[in-house]
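In: got a predicted structure plus its sequence, pasted below:
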Amino acid sequence: MESIRITGGERLNGRIAISGAKNAALPLMIASLLTAEELVLDNVPRLADVALLKRILGNHGVDVTVSGKRSGQADFSGETVRLAAPVIVDTTAPYDLVSRMRASFWVIGPLLARMGAARVSLPGGCAIGTRPVDFFLDGLKALGADIDLDSGYVVAEAPKGLRGGTIHLPRVSVGATHVLMMAASLAHGDTVINNAAAEPEVVDLARCLTAMGARIEGAGTPQIRIKGVTSLGAARHPVLPDRIETGTYAMAVAMTGGDVLLEGARADTLQEPIAVLRQTGVEMIESNEGIRVMRNGHGIAAADITTEPFPGFPTDLQAQFMALMTRAKGVSRIRETIFENRFMHVQELARLGARITLDGDVAHVTGTERLKGAPVMATDLRASVSLVIAGLAAEGTTTVNRIYHLDRGFERIEDKLGRCGAQIERLASSS
Ligand code: EPZ
């Protein structure tokens, strides 16, 4: 099994090109199920989750073709992916595929809206919490679907098509907002989604659906209004830059010190983390080229955060921020409100010498001068990358094992950090 070995202590200097956002690419690819015409996505990141979704969509009848980098394109430009589903050959999403990636459950919305039927395996639990699907099912029922549960599968039917309705999400859910927005785009009549997620990835999906002919207003606010149309057509859409990758590298630079331009990063998708990093003493300069991150000469100040839906501090940056706070001056308080079990990195950070105590949904991190390298591993993507960040500042060698989690969400992380001076390499087997 592959691992990543880091020898800590190097400052980061240079440029890192930010890839397309995994969490935008996935729902955008799923949107191809809504139309018989071709959807072309540019700047799709090369990630394990994207590769798996290509397989899952192929199973439903989507033809997926990929063209790589063209001459003249930047080094890390993503792929151009063409998705066409003239015919849906199968409306079942089986357990062995859905259980590997929760977002594949989201095919339920487009399949039901286009075909009037979908049979999709329940995703099951995952490392960061139970993650139920009740909001999806209640929302689809509000759009007129009949829903049954059968042997671990959700069986959804709307033989005469979905109809518009009013939905109130009990709490903000990114996935439920994506799915209901896609489903309502092909429903008869008008839909209102209240307490909708306002995440930039939702806005990106709404833009793409609009380019395909959907009529959507209010994406990016808590109320999304959709007027159903009878069919959607072809479109071409670039995937927005990854705000979580951006924030992760910003925290890496904050951790090691140095000066790095995060090329193509969009500051408007990251206002709260930028404000928090400035509080800790990091300089962040926003420009047309991206975001420049600098920390020179002085230490990191402690700051408190609470994870919240957008525009609050994202849960997907909580682990990375905790890694940063292990080196801060003073005590920081980190509260996780989105997922109930997203602190698996705590035990592993402790192996590097971090001082963290847990009290329910709050972690108290007491900064320490020294972290010391050790073998570590993590069971989710963001937790894994937090260990990479800690390893960049730890004395000696840190080996991060089980890095298939990293490959799910970070494109060529060792290349990107290595080019900025980090001593980091991928090993074929853990050592
Ligand atoms: C998306 O997950 C992201 N995944 C997650 O990123 C991210 O952490 C999360 O949004 C929050 O920002 C993708 O975009 C592919 P939710 P999602 O529905 O949509 C509860 C990463 O590391 N809930 O917004 O699955 C749920 O349990 C990943 O890239 C219900 O109770 O998250 C959670 O507590 C991990 N019932 C809260 O809502 C439901 O039916 C928010 O979850 C649905 C959700």
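Out: Alright, I've got the coordinates.
In: list the beta-bridge partners for the closest residue to residue 11 other than its chain neighbours.
Out: Leaving aside its sequence neighbours, residue 11 sits nearest to residue 258 (Cβ to Cβ, 6 or more residues apart in numbering; 3.9 Å). For every residue, glycine as well, the C-beta is placed using N, CA and C. Residues in a beta bridge with residue 258, per DSSP bridges, are residue 12, residue 295.
In: what's the per-residue pLDDT of residue 258 here?
Out: pLDDT for residue 258: 98.
In: can you check residue 76 too?
Out: Per-residue confidence (pLDDT) for residue 76: 65.
In: and for residue 369?
Out: What the model reports as pLDDT for residue 369 is 89.
In: what does residue 226 give?
Out: In this model, residue 226 is scored at 98, pLDDT.
In: quick one: it from the ligand, how far?
Out: 18 Å (Cβ to the nearest ligand atom, to the nearest Å).
In: secondary structure element for that residue?
Out: strand 223-227 (DSSP states H and E).
In: give the partner strands of that strand in its sheet and their orientations.
Out: By DSSP bridges, strand 223-227 pairs with strand 190-194 (antiparallel), strand 215-217 (antiparallel).
In: roughly how far out does the last one sit from the chain middle?
Out: Here strand 215-217 shows a centroid-to-chain-centroid distance of 24 Å under the convention Cα atoms, centre = their mean, to the nearest Å.
In: in what element of secondary structure is the residue of the stretch 151-300 of the chain found nearest the ligand found?
Out: In the stretch 151-300 of the chain, no residue comes nearer to the ligand than residue 175, which is 2.9 Å away by Cβ to the nearest ligand atom. Secondary structure assignment for residue 175, by DSSP H and E: helix 174-185.
In: quick check: angle from that helix to strand 190-194?
Out: Relative orientation of helix 174-185 versus strand 190-194 (axes from the mean of the first three to the mean of the last three Cα atoms, to 10 degrees): 170 degrees.
In: ok, and the closest non-adjacent residue to the residue in the chain sticking out farthest from the centre?
Out: The outermost residue of the chain, judged against the average C-alpha position, is residue 160 (34.3 Å), by Cα atoms, centre = their mean. Spatial nearest neighbour of residue 160, excluding adjacent residues (Cβ to Cβ, 6+ apart): residue 116 at 7.4 Å.
In: where's the most centrally placed residue in the chain, which helix or strand?
Out: Nearest to the geometric centre of the chain sits residue 23, at 3.7 Å (Cα atoms, centre = their mean). In this structure, residue 23 is located in helix 22-30 according to DSSP H and E.
In: which secondary structure elements does that helix sit against?
Out: strand 38-44, helix 48-60, helix 174-185, helix 200-211 (3 or more Cβ pairs under 8 Å, 6 or more residues apart in numbering; DSSP states H and E).
In: around residue 1, how many other residues sit close by?
Out: When counting by other Cβ atoms under 10 Å, one arrives at 11 neighbours for residue 1.
In: I'd like the distance between it and the ligand.
Out: Distance of residue 1 to the ligand, given as Cβ to the nearest ligand atom: 21 Å.
In: wouldn't that residue be in contact with residue 402 here?
Out: Yes - contact criterion Cβ atoms under 8 Å: residue 1 and residue 402 qualify, at 6.6 Å.
In: circling back: OK, contacts around the residue nearest to residue 11?
Out: Contacts here follow Cβ atoms under 8 Å, 6 or more residues apart in numbering; on that basis residue 258 touches 11-13, 294-296, 420-421.
In: picking that back up, surely the residue farthest from the centre of the chain touches residue 117?
Out: No - using Cβ under 8 Å, residue 160 is not in contact with residue 117, being 11.6 Å away.
In: pull out the buried positions in the strand holding residue 226.
Out: Of all the residues in strand 223-227, those buried under the rule 16 or more other Cβ atoms under 10 Å are 224-226.
In: can I get those in a markdown table including distance to residue 45?
Out: Formatted as a markdown table, these follow (distance: Cβ to Cβ, whole Å):
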| residue | distance to residue 45 |
| --- | --- |
| 224 | 26 |
| 225 | 31 |
| 226 | 28 |
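In: show me what contacts the residue lying closest to residue 22 once chain neighbours are set aside?
Out: Sequence neighbours aside, residue 409 is the residue nearest to residue 22 in space, at 5.1 Å (criterion: Cβ to Cβ, 6+ apart). Residue 409 is in contact with 22, 47, 49, 244-245, 381-382, 385, counting by Cβ under 8 Å, 6+ apart.
In: shaky segments in the protein?
Out: 68-76, 124-130, 430-431 (pLDDT under 70).
In: all helices for it, in order.
Out: Residue ranges of the helices in the chain, as given by DSSP state H, are 22-30, 48-60, 95-98, 108-115, 134-142, 174-185, 200-211, 243-256, 271-279, 318-325, 345-351, 381-393, 404-409, 413-418.
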